[in-house]
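A.B. asks: A structural model of the following input is requested.
(2 chains)
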Number of protein chains: 2
Amino acid sequence: MTEIASPLVGPAVILVRPQLSENIGTAARAMLNCGLTDLRLVEPKAGWLSERAFAAASGADRVLLAARAFDSTAAAVGDLARVWATTARNRFMVKPVDSPRAAAAVMRAASAAGSRFGVLFGPERTGLENEDVSLADTVLNVPLNPDYTSLNLAQCVLLVCYEWYQAGVAEAPAAMTKGAEPVASKEKLMGFFDHLERELDACGFLRVKEKRPVMVRNIRNLFQRALLTGQEIQTLHGIVHELVTYRRRKGEAG
Amino acid sequence: MTEIASPLVGPAVILVRPQLSENIGTAARAMLNCGLTDLRLVEPKAGWLSERAFAAASGADRVLLAARAFDSTAAAVGDLARVWATTARNRFMVKPVDSPRAAAAVMRAASAAGSRFGVLFGPERTGLENEDVSLADTVLNVPLNPDYTSLNLAQCVLLVCYEWYQAGVAEAPAAMTKGAEPVASKEKLMGFFDHLERELDACGFLRVKEKRPVMVRNIRNLFQRALLTGQEIQTLHGIVHELVTYRRRKGEAG
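C.D. replies: Prediction:
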């Protein structure tokens, strides 16, 4: 097997609850067209090692063979520092929006800095759920005919991968600020969310059951947006811990 | 039916001897995604008004319904002033080669000048014949992973149409999701910093005097970066307040 064209590590392609084997196969083909091989499937509703998938992959078998399945979106993005969520609909979430071209420039810079990153693609019929989108830093929206934006899953994968590839053909990667610490992995961020939400449950901040999912999502979104470094996540752990335990100590003493 | 996004006349998409209804349908969908409707079929080997074609078109019916069939490539390009021929293979012909992006820029200029133009796409398995390519002015070659250039017909149509559409979309500056609340004033942000730092002083998190200025700066920086809305700042006030007072209540009671 020869080397792929791009010397940099490209985006992971994360298909969330894909419904059709053909689309997984066609997505794999589009990925390999653009030199990408890291395919991740979250709760796949269709086989990715099926005859239909291999037929659609048209020779890009190695992408399907190396694909990994996860039982949650959170698990699938755990090792990534930056995540985009493709969506056509307005989510009423406060999140920056990139076009595939703008995202590709950011990806090239992230790749040059040694970061890992990926893009979430939703199920064919419904697209990503808000739950999934809240795990992303940035929304990825393909500028298309506003009167007909219904984009096939594999087509959407292709456009994102294509722009990644073209960004490497065209010009050298933009540099990151020197000495900048890399953005922490989603796993570390998730660890902080666990800690924070545990304490917010304990203190009653999240006591209204029907509001809890929206509140959790809003809180996660605001921290996602900050693109936190590992050191900053440590600081936040410390803040939550100290705010909570000092009062306990004081309360117990007083 | 509302207007398509592009006010200019775009390329005709000419599928030469397409073999699969699904591919015709998916190509029609990709065209409409990019505001294009002029679909031409040369000696089609599959039905373009079939159930399979409409299913693949996923609502882009009007492109299929308006498609025209021709019995030769020459007839299909008769009214066009400029023709590109998509091909991955080296044809040993002396012809200029454009990428889809370069072709799109030329197309925009041609369209503004009132020219008609189109792009030839070959059959799925074999691609265009030299006979067809000889009717084109320019070869259109998609820069892709040189080790795996096998591009699905509809995917190739999409990339060409996508670049046409993008050439008309001015790359907007990074946007936030629509309906997003505006970023809060610095005054509100400062109010949160006051609250947080008062509590962090009280609990001892900032007790090391010489480290305090750096720690405060780091904490402020990470929240600054999140571009918080007024609602989010209220949430953060609530989080700090609840974490602190619950423990106090609990401690005092216990």
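A.B. asks: mind listing what residue A:52 touches?
C.D. replies: Remark: with contacts taken as Cβ atoms under 8 Å, 6 or more residues apart in numbering or on different chains, residue A:52 is in contact with A:21, A:22, A:25. C-beta: built from backbone N, CA, C; applies to glycine.
A.B. asks: Show the subsequent helix or strand relative to the helix or strand harbouring residue A:158.
C.D. replies: Using DSSP states H and E, residue A:158 maps to helix A:153-170. Downstream of helix A:153-170, the next assigned helix or strand under DSSP H and E is helix A:186-203.
A.B. asks: If you count neighbours, what's buried in whatever helix or strand comes next after that next one?
C.D. replies: Later in the chain than helix A:186-203, the nearest helix or strand by DSSP H and E is helix A:212-224. For helix A:212-224, burial by neighbour count (16 or more other Cβ atoms under 10 Å in any protein chain shown) applies to A:215, A:216, A:217, A:218, A:219, A:220, A:221, A:222, A:223, A:224.
A.B. asks: touching chain B at all, helix A:212-224?
C.D. replies: Yes - with Cβ under 8 Å from any Cβ of the partner chain as the criterion, chain B is reached by helix A:212-224 at A:215, A:218, A:219, A:222, A:223.
A.B. asks: how about stretch A:216-230 as PDB, C-alpha atoms only?
C.D. replies: Output in PDB follows, covering the C-alpha atoms of stretch A:216-230 (Å, rounded to 0.1, in the frame of the first residue of the first chain):
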ATOM      1  CA  VAL A 216     -26.600  20.800  30.900                       C
ATOM      2  CA  ARG A 217     -26.400  21.400  27.200                       C
ATOM      3  CA  ASN A 218     -26.200  25.100  27.600                       C
ATOM      4  CA  ILE A 219     -23.400  24.800  30.200                       C
ATOM      5  CA  ARG A 220     -21.500  22.300  28.000                       C
ATOM      6  CA  ASN A 221     -21.900  24.600  25.000                       C
ATOM      7  CA  LEU A 222     -20.400  27.600  26.800                       C
ATOM      8  CA  PHE A 223     -17.300  25.700  27.900                       C
ATOM      9  CA  GLN A 224     -16.900  24.000  24.500                       C
ATOM     10  CA  ARG A 225     -16.700  27.300  22.900                       C
ATOM     11  CA  ALA A 226     -13.700  28.300  25.000                       C
ATOM     12  CA  LEU A 227     -11.500  25.700  23.400                       C
ATOM     13  CA  LEU A 228      -9.900  24.900  26.800                       C
ATOM     14  CA  THR A 229      -6.300  23.700  27.200                       C
ATOM     15  CA  GLY A 230      -5.500  20.900  29.600                       C
END
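A.B. asks: Tell me which residues are up against that stretch.
C.D. replies: A:82, A:93-96, A:130-131, A:134-137, A:181-184, A:188-189, A:192-193, A:196-197, A:200, A:206, A:232, A:236, B:222-223, B:225-228, B:231-232, B:235-236, B:239.
A.B. asks: What of stretch A:198-208?
C.D. replies: So stretch A:198-208 is in contact with A:197, A:212, A:215-216, A:219, A:240, A:244, B:238-239, B:242-243, B:245-247, going by Cβ under 8 Å, 6+ apart.
A.B. asks: show me the contacts for the closest residue to residue A:46 other than its chain neighbours.
C.D. replies: Nearest non-adjacent residue to residue A:46, counting by Cβ to Cβ, 6 or more residues apart in numbering or on different chains: residue A:21, 4.5 Å away. Residue A:21 makes contact with A:46, A:47, A:48, A:50, A:52, A:53, A:56, according to Cβ under 8 Å, 6+ apart.
A.B. asks: To which secondary structure element type does the third one belong?
C.D. replies: Which is residue A:48. coil (DSSP: H, G, I helix; E, B strand; the rest coil).
A.B. asks: Can you report how many residues neighbour it?
C.D. replies: 25 (other Cβ atoms under 10 Å in any protein chain shown).
A.B. asks: quick one: residue A:75 and residue A:82, what's the gap?
C.D. replies: Taking Cβ to Cβ, to the nearest Å as the measure, residue A:75 falls 17 Å from residue A:82.
A.B. asks: okay, these two: which has more neighbours?
C.D. replies: residue A:82 (23 against 16).
A.B. asks: out of the buried residues of helix A:212-224, who's nearest chain B?
C.D. replies: residue A:222 (4.7 Å; Cβ to the nearest Cβ).
A.B. asks: Pick out the residue nearest the middle of chain A.
C.D. replies: residue A:83 (3.0 Å; Cα atoms, centre = their mean).
A.B. asks: check which helix or strand covers that residue.
C.D. replies: Counting by DSSP H and E, residue A:83 is part of strand A:82-86.
A.B. asks: That strand near chain B anywhere?
C.D. replies: No - counting by Cβ under 8 Å from any Cβ, chain B has no neighbours in strand A:82-86; the shortest distance is 10.5 Å.
A.B. asks: can you give me the strands for the stretch 1-150 of chain A?
C.D. replies: A:12-16, A:39-42, A:68-70, A:82-86, A:96-98, A:117-121, A:138-140 (DSSP state E, counting those that start in this stretch).
A.B. asks: The last one pairs with which strands, and in what direction?
C.D. replies: By that I understand strand A:138-140. With DSSP bridges as the test, strand A:138-140 is paired with strand A:82-86 (parallel), strand A:96-98 (parallel).
A.B. asks: The first one too?
C.D. replies: If you go by DSSP bridges, strand A:12-16 pairs up with strand A:39-42 (parallel), strand A:117-121 (parallel).
A.B. asks: quick one: the first one to chain centroid distance?
C.D. replies: Shown here is strand A:39-42, whose average C-alpha point lies 11 Å from the average C-alpha point of the whole chain (Cα atoms, centre = their mean, to the nearest Å).
A.B. asks: mean confidence for the longest helix anywhere in chain A?
C.D. replies: In chain A, with assignment by DSSP state H, the single longest helix is helix A:230-253. Regarding helix A:230-253, the rounded mean pLDDT is 80.
A.B. asks: That one relative to helix A:186-203, how many degrees between them?
C.D. replies: Computed by axes from the mean of the first three to the mean of the last three Cα atoms, to 10 degrees, the angle separating helix A:230-253 from helix A:186-203 equals 20 degrees.
A.B. asks: distance between helix A:230-253 and the chain's centre?
C.D. replies: Using Cα atoms, centre = their mean, the offset of helix A:230-253 from its chain centre is 29 Å.
A.B. asks: now do stretch A:129-148
C.D. replies: On Cα atoms, centre = their mean, the centre of stretch A:129-148 falls 11 Å from the chain's centre.
A.B. asks: mean confidence for that stretch?
C.D. replies: Stretch A:129-148 comes out at a mean pLDDT of 90.
A.B. asks: in it, what's buried?
C.D. replies: Neighbour-count burial for stretch A:129-148 [16+ other Cβ under 10 Å]: A:130, A:132-145, A:148.
A.B. asks: returning to what we had before: possible to save the contacts of residue A:21 as a markdown table with pLDDT?
C.D. replies: Output for those, formatted as a markdown table (pLDDT from 0 to 100):
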| residue | pLDDT |
| --- | --- |
| A:46 | 92 |
| A:47 | 93 |
| A:48 | 94 |
| A:50 | 95 |
| A:52 | 95 |
| A:53 | 96 |
| A:56 | 93 |
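A.B. asks: right, and out of those residues, which lies closest to chain B?
C.D. replies: For those, with chain B as the reference and Cβ to the nearest Cβ as the criterion, the closest is residue A:56, at 8.4 Å.
A.B. asks: Let me know whether the closest one touches residue A:22 as I believe.
C.D. replies: Yes - in this structure, residue A:56 is within contact of residue A:22 by Cβ atoms under 8 Å, at 4.5 Å.
A.B. asks: More neighbours: which of the two?
C.D. replies: Legend: neighbour count by other Cβ under 10 Å for residue A:56 and residue A:22, higher for residue A:56 (22 against 19).
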